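> just the structure for this:
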Amino acid sequence: MNLRLVWCVGLSLLGSVATGAGASGPNFLVVLADDLGWGDLACQGHPHIRTPHLDRLAAEGIRFTSCYTAAPVCSPARVGLLTGRNPVRAGVFDWIPAVQEGKAKAAAGRNLVHLRRQEVTLPQLLRQVGYATALCGKWHCNARFNHPDQPQPGDAGFDHWFATQNNAAPSHRNPTNYVRNGQPVGPLVGYSCHLAAQEAIQWLENQQKRNPQQPFFLYVAFHEPHEPVASPPELVAHYRGKARNDDEAEYFANVENLDAAVGRLLAALERLKVAPNTVVFFSSDNGPETLKRYPTARRSYGSPGPLRGMKLWTTEGGVRVPGILRWPAQVSPGQVCDAPISGLDLLPTFARLAGAKIPTDLELDGTDIAPLFRGGQLQRPQPLVWIYFNAINDQRVALRDGPWKLLAKLDNGRLPKMANVTDTTAPRVRRAALTDFSLYRLTEDLGETQDLSAQQPDTLNQLSTKLQTLYRHLTATMHVWPDAAQPAPAQHQVP
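Sure, this is the predicted structure:
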């Protein structure tokens, strides 16, 4: 079946999209929330949470209502965003536990998992054409954080990095686990999102003093609203009476606090007079966490809106996330676009805008979405695909192609759940049969409530053939880790 052309609703560009040339391309600010649900913003329909800065960002640019992440869990989603490639290719299949030295041995080689040096990243490509690059916030792309045994953010192309391996600890309030360019920072006072924003602003101010003509790529990856949630008391107080309990009030306040940090970043762009030519992209790494899925998840009151499932699901609630893009110099405000886009699309899109050369032998899964900036149409070269072997739902493989969503089990659901693929498990993964398909027309059934596989046999046949072909290709080319046991991950870490 030919991919249905999906149109964006909104105004066209004020001018043609510039391709950029070398260091004359636009600046880029990517802001990523952690476990923020599709329905958690006011502009996405949340009835209580105040998000004025993100609402303004959406009003001044494009709100993508079918924005997807590369995976329904954090580490592979981040790897996909940075590489433009399905994270299965990179061998990042699930969240990455941190190594805790000297503990008992761990199975499945999970402590070996990291974003390998062989992967080409967006900041690397941009740096080659003169961009300054920085990461502030959550890294979560290796098991051995700040350790010479595995690549660190600097190896992935960041000139400056201020980050944690996974969650802010002991909570968002006064975290103690930030590292700046390889040096532990120690205890800090404040909330994690504002600490990350302040570091980003300070780096940007210094960068503008050093070389105001040099474009930048700034990646701000907030920990909020991932557990353990901690929020300013004055914001929590506002939501008492609106929330069902104090824990929900804490969550609502956490999202508003994140929004305030975004506001600080946007104000800095204005103050430094770089806002007009800065592409700002905001999204989340996956859908919202399930309330009380683990003992400390007592404040996980995120909303997937009308979507089915949540984080760790391959249904829409796990992979469809907020998506907002603003570029005042080129993109007209007030656009709402329902074309399927993905975090995978940032690398090919931003690289083209910056004039960066993508290696001809680099097989990407994202595509250049710049035509959508003109209120135009997009025909993806290939569908979006998710393979998550540790999914909560039984259909662990999914595809989005035009208006259609297809879900499938592996070996009739008999393939064991797994958080990593190793030399031992790879053969079975590669020969697994895709079975038990379900088909949904998302443009008419956002909640995936009506399985159309029986009513649409031709569509089912066409899409299932596509999905099986892509599954075979991705698993045939995926990186597989050795089975060698390593020290066990820290027990307090959660995805």
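> C-terminal to the longest helix seen in the chain, what's the next element?
As assigned by DSSP state H, the longest helix anywhere in the chain is helix 246-271. Sequence-wise, the next helix or strand downstream of helix 246-271 (DSSP states H and E) is strand 278-284.
> angle of that next one against helix 246-271?
Going by axes from the mean of the first three to the mean of the last three CA atoms, to 10 degrees, strand 278-284 is angled at 170 degrees with respect to helix 246-271.
> so which helix or strand takes in residue 54?
helix 52-59.
> residues contacting residue 293?
residue 300 (CB atoms under 8 Å, 6 or more residues apart in numbering). No exception for glycine: its C-beta is placed from N, CA and C like everyone else's.
> any idea how far it lies from residue 310?
Plainly put, residue 293 is 9 Å away from residue 310 if you go by CB to CB, to the nearest Å.
> return the helix or strand in this protein with minimum mean pLDDT.
Taking mean pLDDT, DSSP states H and E as the measure, the chain has strand 6-9 as its least confident helix or strand, at a mean of 38.
> contacts only, for the residue nearest the centre of the chain.
The centroid of the chain falls nearest to residue 285 when counting by CA atoms, centre = their mean (3.1 Å). Residue 285 sits next to 32, 33, 34, 35, 69, 73, 74, 77, 78, 221, 321 when contact means CB under 8 Å, 6+ apart.
> next, the angle helix 52-59 makes with the longest helix of the chain.
Orientation of helix 246-271 against helix 52-59 (the same axes, to 10 degrees) gives an angle of 60 degrees.
> flag every buried residue along helix 246-271.
For helix 246-271, the neighbour count (16 or more other CB atoms under 10 Å) marks 247-263, 265-266, 268-269 as buried.
> would you mark the buried spots in stretch 452-472?
Quick answer for stretch 452-472 (16+ other CB under 10 Å): 452-453, 456, 459-460, 462-464, 466-468, 470-471.
> residues in contact with it?
Outside stretch 452-472, the residues that touch it by CB under 8 Å, 6+ apart are 1, 382-383, 385, 387, 397, 399, 401, 404, 406, 408, 430, 434, 437-441.
> out of those residues, which end up buried?
Among these, those classed as buried by 16+ other CB under 10 Å are 382-383, 385, 387, 397, 399, 401, 404, 406, 408, 434, 437-441.
> among these, which ones are in strands?
Secondary structure assignment by DSSP state E places 385, 387, 397, 399, 401, 404, 406, 408, 434, 437-441 of these in strands.
> thinking again about what came up before, and which of the buried residues of stretch 452-472 is nearest residue 206?
Closest approach to residue 206 among these (CB to CB): residue 470, at 44.1 Å.
> measure the closest one to residue 140 for me?
Applying CB to CB, the value for residue 470 to residue 140 is 26 Å.
> same question, residue 65
Here the criterion is CB to CB. By it, residue 65 lies 27 Å from residue 140.
> with neighbour numbers in mind, choose between those two.
Between residue 65 and residue 140, residue 140 has the larger neighbour count (other CB atoms under 10 Å), namely 29 against 18.
> what's around residue 414, how many residues?
10.
> quick one: the strands in the stretch 301-450 of the chain?
In the stretch 301-450 of the chain, the strands defined using DSSP state E, counting those that start in this stretch lie at 320-321, 323-326, 335-337, 341-342, 377-378, 384-387, 397-401, 404-410, 434-441.
> again with the stretch 151-300 of the chain
Under DSSP E, counting those that start in this stretch, the stretch 151-300 of the chain gives strands at 160-164, 179-180, 183-184, 216-221, 278-284.
> the longest one vs strand 216-221, what angle?
What that stands for is strand 278-284. Using the same axes, to 10 degrees: strand 278-284 against strand 216-221 is 20 degrees.
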